[in-house]
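Asks: Below are the sequence and a predicted model for it; my questions follow.
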Amino acid sequence: VERLTGLQLTRLLTQVERGNPSAPARHAECSAASPQHAAASGGPVPAPAQDVDWGEGEDDAEQLQALAALEERARRSVQGAASTSGGPSAAAGAGPAPRERPAVRVGAAWRDMRYTVLEVHGDLDERVLLLAAVDKEQKVWAHLRPPWSEAVYRVGDACNLMVARLDEFEGQLHALLDCNAGFLVLHPDVLLSGTRITTSHDCARRSVLEEWVGGTGTNDKAVKGTLQHLLIQARGRALLLAQGAFTDGLRTSAELRRLASKIVGENTESLLDAGMTAEEALEYLTAAIPPVLRRVDDALPPGRTRAWVPALCRGVVDIEEAVWAPKYGIKGMIDATVQLTLMTPGQPGAMVTQTNAGPSGGKEERVVAPLEIKTGKPHGSHRAQVLLYLLLLEERYGQRMDWGVLWLTGQADPTLIRRQHAELAALLAVRNRLAFHLVTPGALPPLAADKRVCRWCFQRDTCAVAHKTLDGGDALSFTDGEVEGSDPDGSLAAAFQGAAGHLDPAACAFLKHWDRLLHLEESGSVSRRPEVWNMTGQERESLGRCVGGLQLQGIDADAKEYRFGRPSLLGTSFSPGELLLLSLEGECWRGSCSGRWQCALERAHPAVARVHVVSVSPSSITVACDKLLRPGLLTSGQAAPGVVHGSGSGPGASWRLDRDDVSFSFVRQRGYLFDMMRAPAPRTSTGAASPAAEDPAARLRRLVVDLAPPRVGSAPGAPAKGTDEALAADAASAGLNAEQRAAVASVRAGAECTLVLGVPGSGKTSAIVGMVRAMVAGGHSVLVSSYTNSAVDNILLKLADLGTPLLRLGRASGVHMGIRAFLPGGERYPDTSVAGLHRLAAEVPVVGVTCLGVAHPLLRHRVFDLCILDEAGQLTLPSSLGPLLKARRFALVGDNNQLPPLVASKAAQEAGLGVSLFERLATAHPQARGVAVISLAAQYRMAAPIMALSNSLIYGGSLRCGDQRTACSSLGLERRASLASQPRWIREAWDPDRHVVFLDTSAAGLRESAAGDALSNEGEVRMVVALARAGVAAGLAQASLGVISPYRRQVAALQGALGLAALPAVEALTVDRCQGRDKPAILISFVRSNEARQAGTLLRDWRRMNVALTRARSKLVLIGDLQTLCEMELFQRLRGLVQELGGLVTLESGWETPHPPHAGVAA
C-alpha cells in the first residue's frame, strides 16, 4: 500500500468530495460536526462568532495560550517517553511492553468505532496507523497529525476511531485526523477523570502518580472549597428533589446560615483531617453566603417563585452526576447537570434570557448542560474540564452537547462555554498520553521540564521516591530541567534528599519489585472492568460477577437505600458490605425537576453509582448510595422524601449490579509501599512511647526489607510485676491455654514482631482478645485490623462482651450490627463534633478497622503501641503494610497452610505476590520459633477423625485435639429413624458413627458443565439438596449445615436449589468465604467430573483444600468423582485416608432411587 503524506491525502479527499460525493461511506456520527452539518441535521446552531459570557465579556486569549502551553508540554512529555521506547518513529510494536491484554470484546454500542492497531509508521509530524475494525472485516489507514500523532502507539493497542467519513482510494479506506477533524481515543477502556486530564498540563507525571499512588490527605483550602460546593449544591438539590416548602427554606441569609451550620456538622471528619475547627469552617462558609444569594435568575418560568439558579438556568437535572463514557475513555462527577434556555434573536451571536426577548424575540433553545463550580482562582484547566463534561453528558443523554457553564464563585457571573473541537482534540490527546503510561508498567512520564512547578507540588515527595526507586535517578537528575536556573537556591535538591536520600539499594529494589507485581495483578482486574459496559448483564451473571434484570422495588430516602428485586436472587454471591457498581441496563425515562423535559434512553449506562450491599434476600437486594439517585432515573414521576415505591406512569428502568474488580485497593496498596519508604516526619502520638522511638516506617524497612531479626523488649511494653496493671494483664490471660498465654506474654514483653501460627480451630481469636486486654490493662493502645470487615468484627464482638473500650471505623453497611454502636456517631459515641472526634482519636485505646480503611481521618496522626493483624496469611504483603505503619510493634496472626493471598495474575503469582508478609517473616526466622513465632497446635473444633485428614495431608501430625469433648464429638440426630426410607448412600452419609464420608460419583455419570470458564455440576447439586433435606428431616437444624464448593457458579446453583427446596438457612459458600467459619456438619461439592479425567488447577491448591476440610465439627461429607480427582496426588492420599476411616461410599447409576436399609442400620 502506498503511504500518503498529509498533503497528498488532503488533495485526495478534496478530489473525492468534488468528484464523487456519494462515494465516502458514513462511518460514525462525527463528534466534531461543523455548524453547517448541525444545521442540516435540524439541530439549533448558535452563532459561531465567539463564546458568550453572562455579564461582562471575557478575553479568551489567556485560555487559548494555556491550552497551547498544555499541548507543547505534553508534546515534550511524549518525546521523553518515546525516547525510552524506541523513538516516536519506531517500527510497529516498538516501545515498552504493555500490560497483559486479553482478547478484545466490546459492546454493541461501541463496535462501529472500535479498532485494533496493526501497524505503526511515521513520526511526530504525521503518524500513520493501520487499524482493523473489531467484529467486522474492515481496515482503515488513519493519518494522524498533531495533536493525535504525539501519543505512543503499539501493535495490538485498542482505540476508538470517530470520524465524519472514511474515504476510499485504490481499494483502501483512509481517514485524516488533526486538530479540526475527528477523534481517536487510545486504550478507551482506561477511564480517566476530567480533573486528572485537565490538571496534567504542567506535569503529566503528577497525574499518573495520583492514579497509581493516590493523594496524601487534605488541607484547609481543599476542605473550604468542598464546603462551598456543598452549600451551592444543597440549593440546587432543593430544586431537584422537592418543591414548595423545602425550596422556600433556602432563600434568605438566615436560612442559608442554618444550612451552612448543618453542612459543617456533617463534615467534621474532613475538618479534623485538615486541622480546622468547626468555628473556622462556619465563619468561612457564612462569608460565602452573600455572593451565593446574589446569583439569582430573574427570569423563572411562570408560576415559579424566586429561587437560586444560575443565570439562564431553567432547572436542575442532577447534582454530582457520575458518568462513565467508554466511547471517549473518560469519566467524571459533574457538579450539576442543568437545563439552559438560550434565545437566538435576529442579531447573530446574541443570546439573552427569555425575559429579555421582546415580543418578536427569537427562537428559544432549551439544552442540557454541565455546570462546574470552582471556588479557587481562575485557571485554564477549569474551562477544559467543562469541555470534557460535554462529552460525558453526550454519552449519558445520547445527544450532542454544545454548551456548558463555568461558575467561578469569586467572579460576578457564570460563563457560558461553547464546544470547540480543537480544544477537545488537544484534551483527548493529553488523555491518550496519560492512558499509555497507565497501561505500561513502570512507564512514568518524565519529570517536569519547568522545575518551578515542583516547588509546591503535593506529590513531590512521592515523585522523589519514584525517581530514585523506579527511575534509578538522584538529586542531580531530579533538579535538571529545561528552564535554566530552575533550582537556584538548591531547595529542590534538598527536598529530594529529605524525601529519598535515606533509601539504600535494597529498599529501592524492594519497592520496584513489589510495584511491578501490583501492576501485573492490576492488569488482570483492569481487563475485567470493561465487561461492565461490553457484556450484557446475563452474560456477566453467568460468570458470577453480576446480577441483572433488576427492578426498583422501594426507596428509603433518609438512609439513601434502594431495594431492587426480581423473581429469584437465590443464585447471587453478593454479600453485605460488598462494593458494587449500579448501572442502567435497559430503557428508562429521565425528566427534569419540572417534569416538562424528558428524554428516552435506548442503551444502558454503566456505573450510575457506587453502592454497598446492605442486605440480600431470596428475591431482593438492598444497596446504599452516597447520594440519592435522580428521580428521573427511577420513574417518570417524582421521588418524595421518606420511603416510597418505584411506581410511575412511565416505563420502569432495568438495573444491574456488578462486582467492581478494579477498586481503590491497588492505589492503597501501592500507597502503603511508598509510605514505607518515606523519611521520618514529626507526628502527633497519643500513646505512651518515647518520642525518640524508632519511626514505624524505618522499623518496617528493617524488618520487612532487610529481614533483620525482630528485637525482644526493644519497645515499651510489660508493666512491672505486682502492679495493678500487671495483675489486670494476668487476668486477661485467664482461660487461655499455655500456647495462647505465650502469645500474650510475647506482646507484653515488648517484642516488636510477634507471629502467631494458629491451626484451624486453635482459638486464634481468643488469643487475640487476650493480647488486646493485656495491652489495655498496661495502659497501651491497640489497632486491630484484617482484610475483611467480618474478621475485624469477630474480634470486636468478643471484646465488647468483655467491656473493653473500643472504636470501630468504617462504613456502617459493612459493619456487624452488634458493633455499629461503636462507630463515630453511633450509640456509644454520638458526639461527632470536631472536638468529639479529636477526643475519640486520642483517647479510645482499641480501634478496629480493615487494612484498606486505615487512611481514615481519625487515624491520620495516631501511632498505636501495638497493631494486631488477623488472617495475616491471606493478605498480600503491600496490603499488610498500611496497618503496621500505624504502630510501634505488631503481631501477625494466621496460618500459612490456609488461604493464601488471592492473586489472579499467573505472572504475579509466579513472581511472588502470593507470598504474604506472614510467610516471608516466618520463613526468614525459623530459628526464632518459640520467641517471635508462637505455634497454636491444640484445636477445639474438629472431631478426631476429621482432624486426621488435614493432620496427615498438611500439618505432618502436629495437630492435636484440645480436649476429649472435641475429639469425641458426634452429630446428634433426634429423628434419625426418618433416614430408613432414604437411599443407602444418604443413610451412610448421615451415620453418626462415621465422621467422614466420601461419596464417590465415578460410576454415577454426574458430569460437570461449563459456561465460559465457570463450572458447575447439576448432579452434585441434586445430591446436596437430597442430603440436606434428609439431614434436616432427621433433626439437624438448617443453620447447623453448611455447603462448600471451590467454584462460584456451583455455589450460585446450590444457593438457588436450596432456596427452592425450602432450605434457605443452609449456607452455600465458596472456600474463600468460609475461612474462619465452622458448622457441625459440612458438605463439600468438588464439581470436576469429565471423560478426560482433568481436574483443572483450582483443586490443586492444597491450602484452599485444607480450609474446606477443616470447617466441620462433627460430620464431613465429601462429594466428587474420584476417578477425575485422583489425577492429583493430594486426592489420592485423601482417598486412602477416608478408606482407613471406613467412610468411602460408591454411588452407582440409579443412585436417586431409595433402597431397603442394610441390616444393622438403625430404624
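Replies: That came through, no problem.
Asks: Tell me which residues are up against stretch 1043-1050.
Replies: 542-544, 573, 1011, 1014-1017, 1020-1021, 1024, 1028, 1051, 1054, 1058, 1066-1071, 1074, 1082-1087, 1098-1099, 1104, 1108, 1111 (Cβ atoms under 8 Å, 6 or more residues apart in numbering). Every C-beta, even on glycine, is put in place using the N, C-alpha and C of the backbone.
Asks: any idea which element Arg1093 lies in?
Replies: Applying DSSP states H and E as the criterion places Arg1093 outside every helix and strand.
Asks: Is it correct that it is in contact with Leu1122?
Replies: No: using Cβ atoms under 8 Å, Arg1093 is not in contact with Leu1122, being 10.4 Å away.
Asks: more neighbours, those two?
Replies: More crowded of Arg1093 and Leu1122, by other Cβ atoms under 10 Å: Leu1122, with 22 against 14.
Asks: mind listing the helices for the stretch 1001-1150 of the chain?
Replies: 1018-1033, 1048-1060, 1071-1074, 1102-1109, 1122-1125, 1129-1140 (DSSP state H, counting those that start in this stretch).
Asks: Of these, which is nearest Phe822?
Replies: Among the helices of the stretch 1001-1150 of the chain, the nearest to Phe822 by Cβ to Cβ is helix 1071-1074 (24.6 Å).
Asks: Which neighbouring elements make contact with the closest one?
Replies: Helix 1071-1074 sits against strand 1041-1045, helix 1102-1109, with contacts defined as 3 or more Cβ pairs under 8 Å, 6 or more residues apart in numbering; DSSP states H and E.
Asks: how far is it from where the chain is centred?
Replies: Centroid separation between helix 1071-1074 and its chain, computed with Cα atoms, centre = their mean, to the nearest Å, is 21 Å.
Asks: Name the residues of that helix that come out as buried.
Replies: Buried residues in helix 1071-1074, counted by 16 or more other Cβ atoms under 10 Å: Val1071, Arg1073, Cys1074.
Asks: Stretch 797-811 too?
Replies: For stretch 797-811, the neighbour count (16+ other Cβ under 10 Å) marks Lys798, Leu799, Ala800, Thr804, Leu806, Leu807, Arg808, Leu809, Gly810 as buried.
Asks: Kindly reformat the buried residues of helix 1071-1074 as a markdown table containing pLDDT and distance to Asp273.
Replies: Listed next are the buried residues of helix 1071-1074 as a markdown table, based on pLDDT from 0 to 100; distance: Cβ to Cβ, whole Å:
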| residue | pLDDT | distance to Asp273 |
| --- | --- | --- |
| Val1071 | 92 | 39 |
| Arg1073 | 84 | 34 |
| Cys1074 | 87 | 37 |
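Asks: Of those residues, which is the nearest to Phe1131?
Replies: Phe1131 has its nearest neighbour among the buried residues of helix 1071-1074 in Val1071, at 15.2 Å by Cβ to Cβ.
Asks: The closest one and Arg1103 touch, don't they?
Replies: No: counting by Cβ under 8 Å, Val1071 stays clear of Arg1103, with 9.4 Å between them.
Asks: Which parts of the protein belong to which domain?
Replies: As assigned by the TED database, the chain contains the domains 114-186, 220-345+362-436, 530-542+556-586+604-630+653-660, 674-679+696-936, 946-1146.
Asks: between those, which gets nearest to Ala499?
Replies: Closest approach to Ala499 among these (Cβ to Cβ): domain 674-679+696-936, 6.1 Å.
Asks: Please measure how far the first residue of that closest one sits from its last one.
Replies: 34 Å (Cα to Cα, to the nearest Å).
Asks: Check the average confidence over it, would you?
Replies: Summarised as a single mean, pLDDT over domain 674-679+696-936 is 88.
Asks: out of all of them, which strand in the chain is the longest?
Replies: If you go by DSSP state E, the chain has its longest strand at strand 330-344.
Asks: What is the subsequent helix or strand relative to it?
Replies: Assigned by DSSP H and E, the successor of strand 330-344 is strand 363-374.
Asks: what angle do that following strand and strand 330-344 make?
Replies: 140 degrees (axes from the mean of the first three to the mean of the last three Cα atoms, to 10 degrees).
Asks: How far off centre is whichever helix or strand comes after strand 363-374?
Replies: Next along the chain after strand 363-374, taking DSSP H and E as the criterion, comes helix 380-397. Its chain's C-alpha centre and that of helix 380-397 lie 24 Å apart, by Cα atoms, centre = their mean.
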